[in-house]
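J.: Generate coordinates for the sequence data below:
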Amino acid sequence: MSHIAPYVRFNGNCREAFEFYKSCLGGELAVQTVGESPMAGQMGADMNNKVLHAALNNGSIVLFGSDMIGTDSFSRGMDVSLCLVCGSPDEIKTFYAKLAAGGQATHPLKEEFFGTFGDLTDKFGVSWMLQYSPMPVAQG
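T.: Here you go, the predicted model:
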């Protein structure tokens, strides 16, 4: 089933923030660093301890996060995206095309090691990340 979760980007302290959120909200926390991922060889050794993806799941409470802020400078307030976890390959393609209309397709849909992923900024300036994986993904 499709669902939307907030995705918060950090400037190197994602793990600390998510451990705090877990202490506040409870639930299960899963953290993958760059060094633990297939991307490790594509990035410098200084990135190995950065969080590639964190997921806090406590029933209907789902929060995603990362230290991967992209090439733009980090700016508090511009660090949250809506992550739309899709239920099928057709659904992600449809949602991506509709949300990108009139906006900016930052990263077109692409097959990654964790599934299909793309991001965009819609015509209202809202940042969206879309993901589909045939494997189970943390969700509420």
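J.: Helix, strand, or coil at residue 95?
T.: The local conformation at residue 95, judged by DSSP: H, G, I helix; E, B strand; the rest coil, is helix.
J.: Just give me the neighbour total for it.
T.: Other residues within reach of residue 95, judged by other Cβ atoms under 10 Å, total 18. For the C-beta atoms, the positions are set from N, CA and C on the backbone; glycine is no exception.
J.: Report the separation between it and residue 118.
T.: Remark: distance between residue 95 and residue 118 (Cβ to Cβ, to the nearest Å) = 10 Å.
J.: Give the residues shared as contacts by these two.
T.: Here residue 95 and residue 118 share the contacting residues residue 130, scored by Cβ atoms under 8 Å, 6 or more residues apart in numbering.
J.: Apart from its neighbours in sequence, what residue is nearest residue 67?
T.: Distances taken as Cβ to Cβ, 6 or more residues apart in numbering put residue 50 closest to residue 67, at 4.0 Å, once the chain neighbours are dropped.
J.: do residue 108 as well
T.: Closest residue to residue 108 in three dimensions, ignoring its sequence neighbours and counting by Cβ to Cβ, 6+ apart: residue 118, at 5.5 Å.
J.: returning to that earlier point: check contacts around the residue nearest to residue 67.
T.: Contacts were defined as Cβ under 8 Å, 6+ apart; by that measure residue 50 touches 12, 14, 33-34, 67-68.
J.: Export the residues you listed as TSV, with columns for secondary structure, pLDDT and neighbour count.
T.: Rendered in TSV, the data for the contacts of residue 50 read as follows (DSSP: H, G, I helix; E, B strand; the rest coil; pLDDT from 0 to 100; neighbours: other Cβ atoms under 10 Å):
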residue	secondary structure	pLDDT	neighbour count
12	coil	87	12
14	helix	90	23
33	strand	93	19
34	helix	91	23
67	coil	90	21
68	coil	83	16
